[in-house]
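Q: need a 3D model of the following:
(one chain, ligands or ions: 1)
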Amino acid sequence: GAADGEYDVLVLGAGPGGYSAAFRAADLGLKVVLVERYATLGGVCLNVGCIPSKALLHTAAVLEEAKSLSSHGISFGEPKIDLDAVRAYKDGVVSKLTGGLAGMARARKVTVVTGVGQFVDPHHVSVNDDKGQSQTIKFGSAIIAAGSQSVKLPFLPDDSRVVDSTGALLLSSIPKKMLIVGGGIIGLEMGTVYSALGSRLDVVEMQSGLMQGADRDLVKVWDKMNAKRFDNIMLDTKTVGAEARDDGIWVSFEGKNAPKEAQRYDLVLQAVGRVPNGKKIAADKAGVSVTERGFIEVDKQMRTNVAHIYAIGDIVGQPMLAHKAVHEGHVAAEVIAGQKSFFDARVIPSVAYTDPEVAWVGLTEDEAKSQDIAVERGVFPWAASGRAIANGRDEGFTKLLFDATTHRVLGGAIVGTHAGDLIGEVALAIEMGADAVDIGKTIHPHPTLGESIGMAAEVAEGSCTDLP
Ligand code: FAD
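A: Okay, the predicted model is just below:
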């Protein structure tokens with residue numbers, strides 16, 4: 001136990017990694033201090049990431065589904081968009097969750113200190129708040145969970161019409177014409193929201209396809225369903241300059257699909273990736289090594305090169321996802337409490353919460369091909385799913401990949417509505433070492449989108465004879 005004014009564990013950063021670590025450490029009987037520069041807990045994910053984006057995506061999805069109901073015999077009038085109220089709904093969702101975290105911290109007697117923390121030496125962190133107050137905190141062990149921030153392109157002008165994801169989530173106005181720089185998950189999710197509210201989209205992506213990392217056959221379905229949102233999808237192309245004028249941001253491009261002339265936009269969203277905050281915490285004062293790019297390297301117990309200092313979440317590397325940070329946070333706290341915990345996930349799922357959703361976990365088919373891994377493939381098209389047809393959304397499919405010899409499931413990929421909610425079952429199957437028979441013989445409820453997972457396994461086994 002720690003003496004007064006001294007903590008067993010200091011957690012630097014209160015994102016999903018940091019608060020999960022702090023709560024687990026407190027539950028295990030340790031005296032914990034959580035240092036966070038923002039006024040609320042929850043980090044990027046709750047304040048300006050996962051949660052506000054999903055609140056807006058839900059609004060967007062309902063709006064579009066309501067429009068599509070005309071083909072079911074129900075028609076509404078033109079939607080009236082009250083942007084202040086849309087924003088208020090999103091902000092209410094965020095504050096419900098950040099408020100909940102504050103209550104959980106209090107209930108566990110976790111001390112929260114607001115301000116920017118930096119190491120002073122291997123056992124002290126100084127915290128400076130925005131009122132100019134400073135304090136030094138002594139700790140036994142530390143967990144660095146300082147997260148990441150979005151990459152800024154140097155040639156984009158400093159202008160309110162050029163935003164990153166945080167600025168896009170503010171939803172200050174609905175631009176007529178929006179450019180998304182970077183065709184990854186974050187950019188495409190924000191594009192989905194703005195498009196539903198009435199914006200026309202362009203996207204520019206340096207690589208040859210949108211949503212890198214996902215199998216191309218999933219993205220093909222996504223591309224087809226989303227073509228209507230875009231005026232121009234510029235693949236193998238990059239932005240090389242931009243100028244802020246009264247009538248808009250004029251952007252110039254270079255590459256395979258670059259327009260010859262500069263293009264005018266009302267809003268430019270830069271979503272070209274995130275950089276870790278490793279260089280901003282004076283880690284060197286504690287002897288903690290930080291890579292050139294700002295990452296902190298850790299072992300399977302989340303330990304840095306300094307034995308009593310741990311690091312978790314976005315700051316330790318890809319994939320930069322909240323659910324990874326949470327599990328790493330638990331491991332670090334448990335190791336500090338003396339447990340033999342390891343971060344040993346076989347797989348970490350990825351989800352684009354677009355419309356349709358795209359979700360994948362474990363080995364992808366593109367990886368299996370490029371690495372010459374012999375797999376059996378089971379694909380179940382949602383055009384044969386009673387539930388997907390009833391929902392009026394049968395464009396999706398569910399794909400499972402099995403080891404050709406052992407028939408154990410190695411990967412899963414789903415495109416379609418609610419794909420993100422479905423992929424967890426495949427992650428469980430992979431962690432449990434399930435094979436095609438295990439999944440195929442598991443009775444899934446009918447009619448659900450989830451039964452497509454059982455059917456895909458039966459297709460791989462060759463025992464799929466009839467439709468649900
Ligand atoms: P963060 O959440 O980045 O938290 C770090 C915290 O540390 C911050 O609160 C920061 O203020 C604080 N901090 C940093 N330096 C200091 C310092 N020196 N002193 C004090 N405090 C400090 N992931 C998903 O899994 N699902 C999603 O749907 C999803 N959607 C996203 C949407 C958007 C728009 C964005 C930007 C990200 C999204 N992510 C999503 C990624 C997810 O937000 C991150 O992976 C996750 O927040 C990482 O958690 P973390 O604990 O490592 O750090």
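Q: list of residues touching the helix of greatest length in the chain?
A: Across the chain, the longest stretch assigned as helix under DSSP state H is helix 83-107. With contacts defined as C-beta atoms under 8 Å, 6 or more residues apart in numbering, helix 83-107 is touched by 14, 19, 22-23, 34, 40-42, 46-47, 51-52, 55-56, 59, 112, 169-171, 173-174, 197. Yep, even glycine has a C-beta here, placed from its N, CA and C like the rest.
Q: one more time with 7 Å, if that's ok
A: 19, 23, 34, 40-42, 46-47, 51-52, 55-56, 59, 112, 171, 174 (C-beta atoms under 7 Å, 6 or more residues apart in numbering).
Q: which strands and helices sit next to the helix or strand following that helix?
A: For helix 83-107, the following helix or strand on the C-terminal side (DSSP states H and E) is strand 111-114. If you count contacts as 3 or more C-beta pairs under 7 Å, 6 or more residues apart in numbering; DSSP states H and E, strand 111-114 packs onto strand 32-36.
Q: how about the strand it packs on against the ligand, any contact?
A: Yes - Strand 32-36 reaches the ligand (C-beta under 6 Å from any ligand atom) through V35, E36.
Q: equivalent analysis for stretch 356-373, please.
A: No - residues of stretch 356-373 are not located near the ligand by C-beta under 6 Å from any ligand atom, the shortest gap being 10.7 Å.
Q: pull out the buried positions in that stretch.
A: By 16 or more other C-beta atoms under 10 Å, the buried positions in stretch 356-373 come out as P356, E357, V358, A359, W360, V361, G362, L363, T364, E365, E367, A368.
Q: and if you look at stretch 257-277?
A: Buried-residue list, stretch 257-277, by 16+ other C-beta under 10 Å: 258, 262-263, 265-272, 274-277.
Q: now swap in stretch 304-322 and tell me
A: In stretch 304-322, counting by 16+ other C-beta under 10 Å, buried: 304, 306, 309-317, 320-322.
Q: what of stretch 199-208?
A: S199, R200, L201, D202, V203, V204, E205, M206.
Q: cool, and stretch 164-171?
A: D164, S165, G167, A168, L169, L171.
Q: just the closest of those to D246, please.
A: Of all these, D246 sits closest to G167, with 19.9 Å by C-beta to C-beta.
Q: contacts for the one helix or strand the closest one maps to, please.
A: For G167, the enclosing helix or strand under DSSP H and E is helix 165-170. With contact meaning C-beta under 7 Å, 6+ apart, helix 165-170 is reached by V48, P52, S53, S150, I186, M190, L269, A271.
Q: quick one: which of those is nearest R393?
A: Using C-beta to C-beta, those come closest to R393 at S53, 21.1 Å.
Q: what pLDDT does the closest residue to that closest one other than its chain neighbours get?
A: Sequence neighbours aside, E189 is the residue nearest to S53 in space, at 5.4 Å (criterion: C-beta to C-beta, 6 or more residues apart in numbering). Here, the pLDDT recorded for E189 equals 98.
Q: list the contacts for the closest residue to the ligand within the stretch 201-350 of the chain?
A: Per C-beta to the nearest ligand atom, G313 is where the stretch 201-350 of the chain lies closest to the ligand, at 2.1 Å. Counting by C-beta under 7 Å, 6+ apart, G313 makes contact with G15, P16, G17, A145, G147, A325, E328.
Q: filter those residues down to the ones in helices?
A: P16, G17, A325, E328.
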